[in-house]
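> need coordinates for the below:
(one chain, ligands or ions: 1)
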Amino acid sequence: MSRILIIEDEDSIADLEKDYLELSDFEVETENDGQRGLSKAIEDDWNLIILDLMLPGIDGFEICKKIREVKNTPIIIVSAKKDDIDKIRGLGLGADDYMTKPFSPSELVARVKAHLSRYERLVQSGIKSNDIVEIRGLKIDKTARRVWVNGEEKQFTTKEFDLLTFLASNPDRVFSKDEIFRNIWDMDSIGDIATVTVHIKKIREKIEVDSSNPQYIETIWGVGYRFRM
Ligand code: CA
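Numbering: from 1, shown residues only. Below you'll find the model as predicted:
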């Protein structure tokens, strides 16, 4: 549930905003003093802050500036004075939106939702997603080193996984057993191309419905193997 802090000294306005936001399933707290509002904004975790400009103690201009020094939580500034809104826009204090009072509570809720989803997208885009190869019913998570066949997870040894991933990442290309061996095994490892054959057999048993009639790893007679796209 998204948590919203309202810093507003007019209780009737704060209550109205709170009621409407709670109806939209937000968790809301209000604070009517500037200094306490600032402390609360910085010390607790909020998904969004609604900030009035004219407040006792410390005003919204200062609060916005101080929050931005430490957090990038979305901030919507509200004020009865359009001049003040123009002023704070001009100052570039980093607020995300501005609303002139009086405004309709449903308009506020709509803007809150829009800013929350925009922020969510920004945060999401910063997270690197896992590198996944998906071919028909086969799903390989290269980052987590896990494999699923038609939704069922299968266990692979390190070399089996490396070999499967190597072929699946280069579909529709034929590799000789020699090439595969050189790509998957260290130059000085003991073994030969027969090792490749053994591993291919093990992999097929795990990913193919019928390993004598493989749908993923095809044998190209006299050449090697090819992963079918
Ligand atoms: Ca006020």
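> return the residues in contact with L48.
S2, I4, L5, T73, P74, I75, I76, V112, H115, L116, Y119 (C-beta atoms under 8 Å, 6 or more residues apart in numbering). C-beta here means a position set from N, CA and C on the backbone, and glycine is covered the same way.
> wait, what's in contact with the last one?
When you say that, I think you mean Y119. Residues N47, L48, P74 are the ones in contact with Y119 under the rule C-beta under 8 Å, 6+ apart.
> how is the protein carved up into domains?
Domain ranges of the chain: 3-124, 132-227, per automatic domain parsing.
> can you list the low-confidence ranges for the chain?
90, 126-129, 187-191 (pLDDT under 70).
> hmm, try it at 80
Applying pLDDT under 80 to the chain flags the ranges 85-93, 122-130, 186-193.
> what does it put close to the ion?
D9, D52, M54 (C-beta under 5 Å from the ion).
> what ranges do the helices span in this structure?
11-23, 34-43, 60-70, 82-91, 105-125, 158-169, 177-184, 193-207 (DSSP state H).
> contacts for the third one next, please.
Outside helix 60-70, the residues that touch it by C-beta under 8 Å, 6+ apart are 7, 34, 37-38, 41-42, 49, 51-55, 73, 75, 77, 79, 87-88, 91, 93-95.
> swap the cut-off to 6 Å and go again
Contacts of helix 60-70 with the rest of the structure, by C-beta atoms under 6 Å, 6 or more residues apart in numbering, involve L38, A41, I42, L51, D52, L53, I75, L93, G94, A95.
> likewise for the first one?
Defining contact as C-beta under 6 Å, 6+ apart, one finds that helix 11-23 is touched by I4, I6, E8, V28, T30, P105, V109.
> residues of it that come out buried?
Residues of helix 11-23 classed as buried: I13, A14, E17, K18, Y20, L21 (neighbour count, 16 or more other C-beta atoms under 10 Å).
> from this protein, which residue is nearest to the ion?
M54 (3.9 Å; C-beta to the ion).
> picking up where we left off before, the helices of the chain: which one's closest to I220?
When the helices of the chain are compared by C-beta to C-beta, helix 177-184 sits nearest I220, at 10.6 Å.
> and that closest one, what other elements does it pack with?
helix 158-169, helix 193-207 (3 or more C-beta pairs under 6 Å, 6 or more residues apart in numbering; DSSP states H and E).
> distance to G151 added to the helices of the chain, as JSON lines?
Shown next, in JSON lines, are the helices of the chain (distance: least, C-beta to C-beta, whole Å):
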{"stretch": "helix 11-23", "distance to G151": "39"}
{"stretch": "helix 34-43", "distance to G151": "45"}
{"stretch": "helix 60-70", "distance to G151": "44"}
{"stretch": "helix 82-91", "distance to G151": "52"}
{"stretch": "helix 105-125", "distance to G151": "25"}
{"stretch": "helix 158-169", "distance to G151": "17"}
{"stretch": "helix 177-184", "distance to G151": "27"}
{"stretch": "helix 193-207", "distance to G151": "13"}
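> quick one: which of those is nearest W148?
Closest among these, using C-beta to C-beta: helix 193-207, at 9.8 Å.
> show the contacting residues for the residue nearest to L167 when sequence neighbours are not counted.
Nearest non-adjacent residue to L167, counting by C-beta to C-beta, 6 or more residues apart in numbering: F227, 4.0 Å away. Applying C-beta under 6 Å, 6+ apart, we find F227 in contact with L167, A168, P171, I217.
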